[in-house]
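Enquirer: Starting from these lines, generate the structure:
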Amino acid sequence: MKIKPDQKWLKKVGNRIIKGREVLGLTQLELSSLVGIYPAALSKIENGKGGVTLQNGIKIAKALGTTVEELFGDSR
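Expert: Below you'll find the model as predicted:
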């Protein structure tokens, strides 16, 4: 059974990634290179149009200097 994530949640996560990336002064190209994903995939994630695997979520959080819980949690 495949579970579809809530669009509002995806957008919140995307906004957190954008904010973290901008705080570090990284472009999408730079962050995607650090994480090992295509820039188009990162763009979809940031815009709430695409999901993210657990493995890539961990890599994104690490690259942004945060935790998976902070980045993907529902507490913010």
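
Enquirer: which helices and strands sit right next to the longest helix anywhere in the chain?
Expert: The helix spanning the most residues in the chain, taking DSSP state H as the definition, is helix 7-23. When contacts are defined as 3 or more C-beta pairs under 8 Å, 6 or more residues apart in numbering; DSSP states H and E, helix 7-23 packs onto helix 28-35, helix 39-46, helix 68-72. Just so you know, the C-beta spots here come from the backbone N, C-alpha and C atoms, and that holds for glycine as well.

Enquirer: now do 7 Å
Expert: With contacts taken as 3 or more C-beta pairs under 7 Å, 6 or more residues apart in numbering; DSSP states H and E, helix 7-23 sits against helix 39-46, helix 68-72.

Enquirer: Which of these comes out lowest on mean pLDDT?
Expert: The minimum mean pLDDT among the helices and strands packed on helix 7-23 belongs to helix 68-72 (a mean of 93).

Enquirer: related to what we said a few turns ago, make CSV from the helices and strands packed on helix 7-23 and add mean neighbour count and distance to K12 to it.
Expert: Converted to CSV, the helices and strands packed on helix 7-23 look like this (neighbours: other C-beta atoms under 10 Å; distance: least, C-beta to C-beta, whole Å):
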stretch, mean neighbour count, distance to K12
helix 39-46, 18, 11
helix 68-72, 16, 9
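
Enquirer: Now distance to N15 too, for these, in CSV please.
Expert: Listed next are those as CSV, based on distance: least, C-beta to C-beta, whole Å:
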stretch, distance to N15
helix 39-46, 8
helix 68-72, 11
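
Enquirer: what's the closest of those helices to G57?
Expert: helix 68-72 (5.8 Å; C-beta to C-beta).

Enquirer: Other residues contacting that closest one?
Expert: 13, 16-17, 57-58, 60-61, 64 (C-beta atoms under 7 Å, 6 or more residues apart in numbering).

Enquirer: One more pass at 6 Å, please.
Expert: Here helix 68-72 makes contact (C-beta atoms under 6 Å, 6 or more residues apart in numbering) with 13, 16, 57-58, 61.
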